[in-house]
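Participant: Fold the following, please.
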Amino acid sequence: RGLGDVYKRQGSAWPSMGDALTQKTGVPVGFVSTGVGSAKIEELRTKHYFAIKNAINDLKPYGYRAFLLHQGEADTDGTKREKYLASLQQLIAQTREDAGYNLNWCIAQVSYAWSNYNNTKKMESMKETQRAACNDETIFVGPTTDDLQGEYRHTDNLHLSKLGLIEPVSYTHLRAHETC
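Facilitator: The predicted structure follows:
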């Protein structure tokens, strides 16, 4: 149930990644999507947090191994990095409080938005801020999809194409398995 289901009916890369992780580890892997298209980190922390909280409550008492955040495009242009980092840290703290344990996080390196493409300074600044939130103990650097361009993007040059929804599996599932 990813953004692609709503937008262009294309689906999500995460079920394929879950299948690949299950095959590699022998442990069932599932993803619960709580994303909202074009949402800024502050909106996820406030106005859209109910979806995250509901997902946390739905899996009690068993919980989650990790929370994967694939977000940043909406904040690359215009959100001050200090504000982004503070909102992300507050979001992480709130999920841990609501879960009742020190929930692991994987922060995907995501900064690409068609309006910012080729603005490598803004994109790298966003990814540096995302990495700054990581401590390699319970908050990990996650996968990136910024480098998926050309045939990996839909004709709108923003959303991933069908090929782009499959490709992340081949190089990100190992990273997610190693860290999360």
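
Participant: which residue ranges form the strands in this structure?
Facilitator: Residue ranges of the strands in the chain, as given by DSSP state E, are 66-69, 104-109, 139-144.

Participant: Neighbours of Cys134, how many?
Facilitator: Cys134 is flanked by 17 other residues according to other CB atoms under 10 Å. From N, CA and C alone the C-beta is placed, and that goes for glycine too.

Participant: Then Tyr152?
Facilitator: Here the number of neighbours of Tyr152 (other CB under 10 Å) works out to 17.

Participant: Show the contacting residues for it.
Facilitator: Neighbour list for Tyr152: 160-161, 163-164, 167 [criterion: CB atoms under 8 Å, 6 or more residues apart in numbering].

Participant: quick revisit: could you take the strands of the chain and lay them out as a markdown table, with extra columns for distance to Lys53?
Facilitator: Formatted as a markdown table, the strands of the chain follow (distance: least, CB to CB, whole Å):
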| stretch | distance to Lys53 |
| --- | --- |
| strand 66-69 | 12 |
| strand 104-109 | 15 |
| strand 139-144 | 19 |
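
Participant: Put together CSV for the ones you listed, with mean pLDDT on each row.
Facilitator: Below are the strands of the chain laid out as CSV (pLDDT from 0 to 100):
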stretch, mean pLDDT
strand 66-69, 90
strand 104-109, 91
strand 139-144, 88
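
Participant: Go through these and name the closest to Asp98.
Facilitator: Proximity to Asp98, assessed across the strands of the chain by CB to CB, is greatest for strand 66-69 (11.1 Å).

Participant: Looking at the contacts of Tyr152, which is nearest Gly37?
Facilitator: Among the contacts of Tyr152, and counting by CB to CB, the member closest to Gly37 is Leu160, at 12.5 Å.
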